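K.L.:
Need coordinates for the following:
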Amino acid sequence: MKHDAHTATSWWSIGEWRLGWKVVAVLAVPMLIAVVLGAFRIQAELAEASRLSSSSERVLAVPAALHLEEALYDLAVASSAGTETTTATTAVNDSMQELVTAGRSFQADDVLNDKVTQALEDSTSIVDEVAAGAVAPARLVTLVNEVSTNISSAFTDVINTSQRPILRQRGGEFSSLWEARRALSDQRVLFGSGRLDQQTRTALATTAGIELAALDKVLPPDESDSSPTTVAISALRTSAQSRIAEIGATSSSSPLSSQIDIGLQTSSDQYDDVTDAAVEQFGASVTAESNTARTAALRDTALVLGAVLAALVIALIISRSLVDPIRRLRFAALQASRRGLPEAIERIRSGEKISDLEIPRVPVHTHEEIGQLARAVDDMHGQAISLAGEQATLRRQVNDMFETLSRRNKSLVEQQLGLIEQLEQDEDDPKRLENLFRLDHIAARMRRNGENLLILSGTESRRGRTAPIQLADALRASVSGVEDYLRVGLGQMPSAVISGQASADVVHIVAELLDNALRYSPPESTVTINAARTNDSSMLVEVADLGLGMSTADLVDANGRLASGGEMTPDTARHMGLFVISRISLRHNISVRLRPTGNAPDRAGITASILLPAALLEAHPSDTATAPHPSPAHLGALARNAAPVQVPPVSPPPVRAPEPTVAEAYSMGAQAPTMSAAGLPQRQPGNTVRAVLPTPVDGAPTSVTSQLGAPTSVESIGLPRRTPGASGAPGIGDPVAAAPTPEPSASPAERFVAPTETVSPEPSAEPAPRHRLSSPTPTNTAAFFSSRARDGFPPRSGTRTTEFSDQPVAAAPAASPIYARMVSEWLVDPTAGTTSATGEVVWTTEADQGWLAARASFELPVTRIADSGLPIRDRGARLVPGTVGGTNAPVRSGTHRQSTDPENVRRGWSDYQSGVSRGRRRSTENTVGSTTPSGANVRNDEGEQ
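P.N.:
Next up, the predicted model:
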């Protein structure tokens, strides 16, 4: 798993540093300080070693400087004594050359090099001055002291700058010894030939005192040692003390004793030995200290480097023990939050138990703070999964309750709709009928809301496989699903067949889009539906309105939710239609998109495009064949599943002339229909549908008759008016006589009057198959506002239009109305003949007289018509005379039915329901719309019809 990319932050923001950098900073600061201090110490050690090495080289030049100083004193003594100075001058020149050779070590130091050079120049001046003539002893002492001072200062600086205690001690002793020797050399120059004045004697005694003081610095008087150097220094101290005493004892007028001269010479020889030993000892000490300093510098360097490396190793180990657990903790937490927890939640939602899930633990097993934090993260992960499981369980329970309540409400709504439909059929009062229509609309919308609630709960509708349906029929069913259906206009409609698995969902999608378009468009505007086939054999259906538009951001958001299926959010209830459309479209891979209808950004309307993939479309019929009509039961199932209001019947289009719309039918009638308070058209007496019926090619008007030959009037809204007794069937609650067994020689339909058939001339086309929907039959006007499609679905183009004769019913041969009623009218061709080839009646029964009387009672003319156009019935005027029983049956008073044991009826229906359920479970093909022998729909196990 990739880590998050770190955002660019300032290096000065320490709080935003990564943990690794913080640990490096914490360890690097003290390590850097330690390295710097160690480097300083190593540098100091190396510098001390370098100084000691230079000092050892300079110490090697000390004997040459002492030799030059001794040669100069010898020259001064010879000059003051008046003896030959050639040998002394040669010794001075040799000593100068020796010092020049040994003094190369001073060339690195300009100050010391200048002093040595000055001493050599002063020595040359003394030699020249002595060679030029006699020089006073005091003058010689001054010149030689200047040279000696310059030479000794070059070495005393090395001695005094050393930080080594042993070198400082050895250097101090050597400097005091050198000073004592210089004082002895001054005494030799001052003594001369021994004839000294008082001032010279005083200077001689003072110089002897300086020598004695210098010797005391080299070796204190109370210190005793048996070493040769100590013995020699003690002898030099004794000689100096005796000279001071002898000079003081000799009077100023008497010459000094020659023993003083001998003692000075002896002391000079002793100083040579002591000085050589001191120089050798000091040089050895300097060399040893130099080696020691160099060794210490190397040792300190190794120690510092080793300490730094050890500190780095320890720091890395500690930092690794700190950073690695945190890194593992971070990785595990991110993986749990981004992959583990979502996957676990999805598995829990899919029904897997929490006990079957393996919750990964953070791979940190220590007991310190980081380990405790890892255990806390594990606990949080487990609690989150437990909470997700509880939420999933609660959601499933809520969804189950939601689904159960929705299905129960839907079942109740279906029962309510059936009851409302019965009330509509039996109601004569227009005001009450209008209220019943309103109840029908409300109940139908409640049913569709129930379907939406099932989708919101995540439950797919439990529909079986239905038969394919024409695209036009599906769109008509969608139009019937909206309340304001009169504002919907059907445009271009290509021939296409929608597969049964998606037909109901397509109807639901279009109904939701129509409902939304009608709600957000002006009441006077029209919502149009157009369809077209695309290049890839898909079908594009567009629902366009001219109402309120949507902003670009809202359109993008809505299209995104339509494409993704939407999420269950608090706004889902406000956009329930959009959510339902997205869920249904994802189920069948249907693409739904919204776009502006016009170019104006505001109030341009919205066009919804529904792209039905080719997989949902079956092979459409050829141009020469007419697509088969879906069965009424199938259309009724579609209307029940997705449509709250019955689609308005549309008049069949003529062969050549364009079909007039409903509005044109209004304008072509004698009087425009009036609208009720509920927005429903009121029927007016005398209005017919001839203005909207097609005209045959030959110009003869097309008449519409009933199956029994009675003319059927049509309301102004395009619906045929019910004519009492036109169907030839008994009314609700009429007694039904038992039918005898028919003979196979004649069909039941042959007992009706043979109609005269007039067909539009189309020689090149085959006649369309006969179907109940293809012939104009008496229609229940309540079906116009019902939520279920029934017999009165309008015929389509391509079906045959038949003109029946107006013969009276009495002229027809006697028929068997019992058998004709029992046989399903959908299995009978209404245009077929009613007699045999010979024109004779095949068989009759005793009960036929009762049925003929019942049929005659339905032919009573309508005497009163209400303002809304509905006929006003007279109660009891159409009761069948006689009784159900035989002639010997007792006559009952009143109109109540024969009492039946409710328990037997309930038991019979329960057995029937159980048998139907078992048959459905064992059936290899799940069908929808199974009916009872009487044509009533049977509810499935889920409560749907």
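K.L.:
contacts, neighbours, all on C-alpha from now
P.N.:
Will do.
K.L.:
Which helix or strand contains the nearest residue to Ile345 once chain neighbours are set aside?
P.N.:
In space, and not counting its chain neighbours, Ile345 is closest to Ala388: 6.1 Å by C-alpha to C-alpha, 6 or more residues apart in numbering. Under the criterion of DSSP states H and E, Ala388 resides in helix 369-426.
K.L.:
Name the next helix or strand downstream of that helix, please.
P.N.:
For helix 369-426, the following helix or strand on the C-terminal side (DSSP H and E) is helix 430-456.
K.L.:
elements contacting that next one?
P.N.:
Judged by 3 or more C-alpha pairs under 8 Å, 6 or more residues apart in numbering; DSSP states H and E, the packing partners of helix 430-456 are helix 369-426, helix 576-588, helix 632-642.
K.L.:
what's the angle between it and helix 369-426?
P.N.:
In terms of direction (axes from the mean of the first three to the mean of the last three C-alpha atoms, to 10 degrees), helix 430-456 departs from helix 369-426 by 160 degrees.
K.L.:
Show me which residues of helix 430-456 are buried.
P.N.:
430, 433-434, 436-438, 440-456 (16 or more other C-alpha atoms under 10 Å).
K.L.:
Output the below-cut-off pLDDT ranges for the stretch 251-400 of the chain.
P.N.:
Across the stretch 251-400 of the chain, nothing is flagged by pLDDT under 70.
K.L.:
what's the burial count for Ala245?
P.N.:
Residue crowding around Ala245 was assessed by other C-alpha atoms under 10 Å; the count is 12.
K.L.:
Please give the element, helix or strand, for it.
P.N.:
Ala245 belongs to helix 228-249 when assigned by DSSP H and E.
K.L.:
could you dump that helix to PDB, C-alpha only?
P.N.:
Extracted C-alpha coordinates of helix 228-249, given in PDB (Å, rounded to 0.1, in the frame of the first residue of the first chain):
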ATOM      1  CA  PRO A 228      77.700  14.200  38.500                       C
ATOM      2  CA  THR A 229      75.600  17.300  37.500                       C
ATOM      3  CA  THR A 230      74.700  18.000  41.100                       C
ATOM      4  CA  VAL A 231      78.300  17.600  42.300                       C
ATOM      5  CA  ALA A 232      79.600  19.900  39.500                       C
ATOM      6  CA  ILE A 233      77.000  22.500  40.300                       C
ATOM      7  CA  SER A 234      78.000  22.400  44.000                       C
ATOM      8  CA  ALA A 235      81.600  22.800  43.100                       C
ATOM      9  CA  LEU A 236      80.700  25.800  40.900                       C
ATOM     10  CA  ARG A 237      78.700  27.300  43.800                       C
ATOM     11  CA  THR A 238      81.700  26.900  46.100                       C
ATOM     12  CA  SER A 239      84.100  28.400  43.600                       C
ATOM     13  CA  ALA A 240      81.900  31.400  43.100                       C
ATOM     14  CA  GLN A 241      81.600  31.900  46.900                       C
ATOM     15  CA  SER A 242      85.400  31.800  47.300                       C
ATOM     16  CA  ARG A 243      85.900  34.300  44.600                       C
ATOM     17  CA  ILE A 244      83.500  36.700  46.200                       C
ATOM     18  CA  ALA A 245      85.300  36.300  49.500                       C
ATOM     19  CA  GLU A 246      88.800  36.800  48.100                       C
ATOM     20  CA  ILE A 247      87.700  39.900  46.100                       C
ATOM     21  CA  GLY A 248      86.300  41.300  49.200                       C
ATOM     22  CA  ALA A 249      89.400  40.500  51.300                       C
END
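K.L.:
Comparing the helices and strands packed on helix 430-456, which comes out most buried?
P.N.:
Most buried of the helices and strands packed on helix 430-456, by mean neighbour count (mean count of other C-alpha atoms under 10 Å): helix 632-642, with a mean of 24.
K.L.:
what sits against Ser185?
P.N.:
When contacts are counted by C-alpha atoms under 8 Å, 6 or more residues apart in numbering, Ser185 touches Glu70, Tyr73, Ser268.
K.L.:
Out of those, flag the one nearest to Asp379.
P.N.:
Nearest to Asp379 among these: Glu70, at 97.6 Å, using C-alpha to C-alpha.
K.L.:
How many neighbouring residues does that closest one have?
P.N.:
Glu70 has 23 neighbouring residues, counting by other C-alpha under 10 Å.
K.L.:
Okay, it and Leu453: tell me how far apart.
P.N.:
128 Å (C-alpha to C-alpha, to the nearest Å).
K.L.:
for Ser267, same thing?
P.N.:
For Ser267 relative to Leu453 (C-alpha to C-alpha), the value is 133 Å.
K.L.:
Next: Asn145.
P.N.:
Asn145 is 125 Å from Leu453, by C-alpha to C-alpha.
K.L.:
May I have the beta-bridge partners of the nearest residue to Thr534 once chain neighbours are set aside?
P.N.:
Once flanking residues are discounted, Thr534 sits nearest to Leu540: 6.8 Å by C-alpha to C-alpha, 6+ apart. On the basis of DSSP bridges, Leu540 is bridged to Ala532, Leu611.
K.L.:
do the one 4 residues further on as well
P.N.:
Each beta-bridge partner of Ala544 is listed here, defined by DSSP bridges: Thr528, Thr607.
K.L.:
dump the residue contacts of it.
P.N.:
Shown in contact with Ala544 (C-alpha under 8 Å, 6+ apart): Ala517, Val527, Thr528, Ile529, Thr597, Gly605, Ile606, Thr607, Ala608.
K.L.:
tell me which of the residues you listed is nearest to Leu475?
P.N.:
Closest to Leu475, out of all of these and judged by C-alpha to C-alpha, is Ile529, at 8.2 Å.
K.L.:
count of residues packed around that closest one?
P.N.:
22.
K.L.:
From Ile872, how far off is it?
P.N.:
Distance of Ile529 to Ile872, computed by C-alpha to C-alpha: 39 Å.
K.L.:
likewise Gly598?
P.N.:
Using C-alpha to C-alpha, Gly598 is found at 50 Å from Ile872.
K.L.:
quick revisit: counting contacts, what elements does the helix holding Ala388 pack onto?
P.N.:
helix 258-335, helix 341-349, helix 430-456.
K.L.:
that older thread, surely the residue nearest to Ile345 touches Glu343?
P.N.:
No - counting by C-alpha atoms under 8 Å, Ala388 sits too far from Glu343 to count as a contact (11.2 Å).
K.L.:
what's the burial count for the residue nearest to Ala278 when sequence neighbours are not counted?
P.N.:
Of all residues not flanking Ala278 in the chain, Phe174 sits nearest, at 6.2 Å (C-alpha to C-alpha, 6+ apart). Using other C-alpha under 10 Å, Phe174 has 23 neighbouring residues.
K.L.:
check which helix or strand covers Phe174.
P.N.:
Applying DSSP H and E, one finds Phe174 within helix 165-191.
K.L.:
Give the rounded mean pLDDT of the very next helix or strand once past that helix.
P.N.:
Note on helix 165-191: by DSSP H and E, the next helix or strand toward the C-terminus is helix 198-218. For helix 198-218, the mean pLDDT works out to 83.
K.L.:
who does helix 198-218 touch, helix- and strand-wise?
P.N.:
Applying 3+ C-alpha pairs under 8 Å, 6+ apart, one finds that helix 198-218 contacts helix 165-191, helix 228-249.
K.L.:
Determine which stretch of those is the most buried.
P.N.:
Greatest average neighbour count among the helices and strands packed on helix 198-218 goes to helix 165-191 (a mean of 22), per mean count of other C-alpha under 10 Å.
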